[in-house]
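S.K.: Turn this into a model:
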Amino acid sequence: MNSRERVQAAMEHKSVDRVPVMCQLALGHYFINSEYKSSDIWFDSETFAKVLLEFQQQYGFDGILVNLPGRPSHWRDFLKSYESNEEGERLTWKTGLVTIVPVDDNPRTYTDNSRPLPRVDYHKVDPANPGTYRFPGYVWNTWHTPNLWDIGMDTDLSAQASYPDWFTASLRTARDRGPEISVHAEVFSPFTHLMELFGYEQALLALMDVPSKCHELLSIFACHVIAQVKCYAACEPDAVNVSSAFAGAGFISRDMYREFVVPYEQRVVQIVHEYKLPVYVHTCGAIGDRLELISKSGYDGIDTLDPPPLGTVDLAEAKKKFAERFFFKGNLDAVNEMLHADDAMFEKAVRERLEIGKSGSGYILSSACSVAPHVKPQRLKDMVSLTEKYGRL
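M.R.: Numbering: from 1, shown residues only. Take a look at the predicted model:
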């Protein structure tokens, strides 16, 4: 059984030779441990795909998540200047914007006077007028990059044909070069788009102050996400991950989740299923109180499953209640059991998850959220070695 077959079988609750291992690595982890420039990993589709595959092979993971959209191959043509030092890199664009790339964290883009990019004012936004929400802060933060793609006000982002060929470049490269591993695509949930549009604090206020306007925008964003799913599905990924990081109890209540998240993610899930692909959701933190609501969205699996104290999910309890409904991926505390734990504590945590998870298949061993940048590479190799020893069925 190769890696691709192993992950596929686990997602379908079928027999596997051992529990598959598939961690999402923080971009800072690549920056610290790779030989490539951090800005090239972030901005260059070819380099990003290459790094994903190299680290997958180095650690022995069974799959990868392509969690950045592609970039135009000529992105360097937009640069005015480049500088680097021990603190990171500074890219100044011809537009005057500046991207700061730390040595161990995601890049951030600022205005020419070092101020954060502006967000949309929810009091003034008009869902019927794209000119009021096709705003730099939203576009750049959602696409993780300065505006290297001219998104005009008349561009229909709900149409698959509106997305340039380079949008899927990283996913296509990873799929072509990793035929025997599980390659997953990622899209943002409509709710995440709303949070990015207004900024997190203002978005939460908007849910209470202008709920009808939020619903209109969520419906629009659902159409955008569906178009992106169609683009990715054409590249034959093995699964689609919907990143819905801001929908846990630390942000919104169960009732708000039911109102503002479920209906729109249901639409996305339905389209993924039309392509006969498994689809799972990545929601961080406290989600133990909303697993049945996630079920109503139609997902096949759940990612992260943060245990206490970071979250509220007990893997044994979740498997007992939802083993026939979901496949589960995660549950290793990325901070206390992976980053700060000694070797004995780490091994104990891994073995506990394997013992719980391997029963009945349907489990992929992973860090709950992204592997922190400063987790030692040897620890991730050990994670696979322990699974080879204790994760066989």
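
S.K.: tell me how far the longest helix along the chain is from the chain's mean position?
M.R.: Longest helix of the chain, by residue count under DSSP state H: helix 211-233. Centroid separation for helix 211-233 versus its chain: 17 Å, with Cα atoms, centre = their mean, to the nearest Å.

S.K.: which element follows it toward the C-terminus?
M.R.: Using DSSP states H and E, the helix or strand that follows helix 211-233 towards the C-terminus is strand 239-243.

S.K.: Contacts for that next one, please.
M.R.: The contact list for strand 239-243 (Cβ atoms under 8 Å, 6 or more residues apart in numbering) reads 7, 11, 65, 67, 182, 184-189, 192, 225, 229, 232-233, 265, 268-269, 272, 277-282, 299, 301, 303. (Each C-beta comes from the backbone N, C-alpha and C, glycine too.)

S.K.: Could you point out the helix or strand that follows the least confident helix or strand in the chain by mean pLDDT?
M.R.: Within the chain, no helix or strand scores below helix 136-143, which has a mean of 59 by mean pLDDT, DSSP states H and E. Once helix 136-143 ends, the next helix or strand along the chain (criterion: DSSP H and E) is helix 169-177.

S.K.: Pull out the buried residues from that next one.
M.R.: Neighbour counts over helix 169-177 (16 or more other Cβ atoms under 10 Å) mark 169-175 as buried.

S.K.: What score does the residue nearest to residue 269 when sequence neighbours are not counted have for pLDDT?
M.R.: What sits nearest to residue 269 in space, not counting adjacent residues and going by Cβ to Cβ, 6 or more residues apart in numbering, is residue 298, at 4.1 Å. Listed pLDDT for residue 298 reads 96.

S.K.: same check, this time on the one 5 residues further on
M.R.: According to the per-residue confidence, residue 303 scores 96 in pLDDT.

S.K.: what's near enough to touch it?
M.R.: 241, 280-283, 329-330, 366.

S.K.: which SSE is it in?
M.R.: strand 301-304.

S.K.: Ok, residue 109 next?
M.R.: Per DSSP H and E: residue 109 is located in strand 108-110.

S.K.: where does the nearest residue to residue 172 once chain neighbours are set aside fall, phi/psi-wise?
M.R.: Closest residue to residue 172 apart from its sequence neighbours, by Cβ to Cβ, 6+ apart: residue 235 at 5.0 Å. Dihedral pair for residue 235: phi -90, psi 0, per degrees, to the nearest 10.

S.K.: Burial check on residue 235, number of neighbours?
M.R.: 18 (other Cβ atoms under 10 Å).

S.K.: Could you check how far it is from residue 46?
M.R.: Look at residue 235 and residue 46: by Cβ to Cβ, to the nearest Å, they are 15 Å apart.

S.K.: Tell me where the protein has strands.
M.R.: 63-66, 79-85, 88-93, 98-102, 108-110, 182-188, 239-243, 279-283, 301-304, 327-332, 363-367 (DSSP state E).

S.K.: Save these as TSV, and put in distance to residue 53 too.
M.R.: Formatted as TSV, the strands of the chain follow (distance: least, Cβ to Cβ, whole Å):
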stretch	distance to residue 53
strand 63-66	7
strand 79-85	25
strand 88-93	23
strand 98-102	22
strand 108-110	27
strand 182-188	9
strand 239-243	17
strand 279-283	21
strand 301-304	21
strand 327-332	20
strand 363-367	18
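
S.K.: Looking at the ones you listed, which is nearest to residue 130?
M.R.: Across the strands of the chain, residue 130 has its closest neighbour in strand 182-188 (18.0 Å, Cβ to Cβ).

S.K.: could you check the angle helix 169-177 makes with the closest one?
M.R.: 170 degrees (axes from the mean of the first three to the mean of the last three Cα atoms, to 10 degrees).

S.K.: so strand 182-188 versus strand 327-332, what angle?
M.R.: 80 degrees.

S.K.: roughly how far out does strand 182-188 sit from the chain middle?
M.R.: Using Cα atoms, centre = their mean, the offset of strand 182-188 from its chain centre is 7 Å.

S.K.: which residues sit against that strand?
M.R.: Residues contacting strand 182-188 (Cβ under 8 Å, 6+ apart): 3-4, 6-8, 20, 22, 62-67, 142, 171, 174-175, 196, 225, 228-229, 232-233, 235, 237-244, 268, 282.

S.K.: for the closest residue to residue 44 other than its chain neighbours, what are its contacts?
M.R.: Nearest non-adjacent residue to residue 44, counting by Cβ to Cβ, 6+ apart: residue 71, 6.4 Å away. Neighbouring residues of residue 71 by Cβ under 8 Å, 6+ apart: 43-45, 145, 148, 166, 169.

S.K.: per-residue confidence for residue 71?
M.R.: Reported pLDDT for residue 71: 91.

S.K.: Likewise for the one 5 residues further on?
M.R.: According to the predicted model, the pLDDT of residue 76 comes to 95.

S.K.: For it, the count of nearby residues, please.
M.R.: 13.

S.K.: for it, what are its contacts?
M.R.: Contacts of residue 76 (Cβ under 8 Å, 6+ apart): none.

S.K.: in the stretch 101-250 of the chain, what spans have low per-residue confidence?
M.R.: 136-144 (pLDDT under 70).

S.K.: how near is the residue nearest to residue 49 when sequence neighbours are not counted to residue 145?
M.R.: In space, residue 49 comes closest to residue 173 once its chain neighbours are excluded; the distance is 3.8 Å by Cβ to Cβ, 6+ apart. From residue 173 across to residue 145, the span is 17 Å (Cβ to Cβ).

S.K.: Same check on residue 317?
M.R.: Relative to residue 145, residue 317 is positioned 40 Å away (Cβ to Cβ).

S.K.: same deal with residue 2?
M.R.: The gap separating residue 2 from residue 145 is 34 Å, by Cβ to Cβ.

S.K.: Neighbour count: these two, which is higher?
M.R.: Between residue 2 and residue 145, residue 145 has the larger neighbour count (other Cβ under 10 Å), namely 21 against 12.

S.K.: Tell me how many other residues crowd the closest residue to residue 306 other than its chain neighbours.
M.R.: In space, and not counting its chain neighbours, residue 306 is closest to residue 368: 4.3 Å by Cβ to Cβ, 6+ apart. By other Cβ under 10 Å, 26 other residues sit near residue 368.
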